[in-house]
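Undergrad: Next one to model:
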Amino acid sequence: MTADHLSSTFSALADPTRRAILARLAQGEATVNELVAPFNLTQPAISKHLKVLERAGLISRSRAAQSRPCRLKALPLKEAADWIAHYRQFWAESFERLDEHLQTMQAAAKKGEHRDRD
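TA: Sure, this is the predicted structure:
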């Protein structure tokens with residue numbers, strides 16, 4: 001995934017309404033009217049959110065008679081998760097090194113306590 005696609009994905013995910021829309025679409029496809037229902041927003045406002053999600057490649061819309069059902073396209077989410085996983089590994093290794101350092105310090109402190117008693 002290029003940085004530009006990654007930026008589009010994270011930009012789309014930055015809004016809580018769009019994240020809620022994606023959570024709803026993870027349960028199955030829905031029409032715009034079905035997506036409007038849980039929000040205190042107008043249909044045009046939801047449509048703007050859907051356009052952002054569509055441009056980011058996170059949803060697709062098709063035509064079925066008079067409705068335009070939306071469905072989740074999860075590949076960009078996987079690509080973003082893969083990018084984040086790299087940093088998760090970085091932090092895991094950093095915490096492991098910190099833990100080792102703390103254990104070394106505790107062992108040294110215990111040795112110092114034993115010397116003081118003697």
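
Undergrad: Please, where are all the helices along this protein?
TA: Counting by DSSP state H, the segments of the chain that form helices are 3-13, 16-25, 32-36, 43-55, 75-117.

Undergrad: Pull up the per-residue confidence for residue 77.
TA: pLDDT, residue 77: 94.

Undergrad: Now do the contacts for it.
TA: 9, 22, 58 (C-beta atoms under 8 Å, 6 or more residues apart in numbering). All C-beta atoms are positioned from the backbone trio N, CA, C, and that covers glycine.

Undergrad: related to what we said a few turns ago, now distance to residue 63 too, for the helices of the chain, in TSV please.
TA: Formatted as TSV, the helices of the chain follow (distance: least, C-beta to C-beta, whole Å):
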stretch	distance to residue 63
helix 3-13	22
helix 16-25	17
helix 32-36	12
helix 43-55	14
helix 75-117	22
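
Undergrad: Which of those helices has the lowest mean pLDDT?
TA: Minimum mean pLDDT among the helices of the chain: helix 75-117, a mean of 86.
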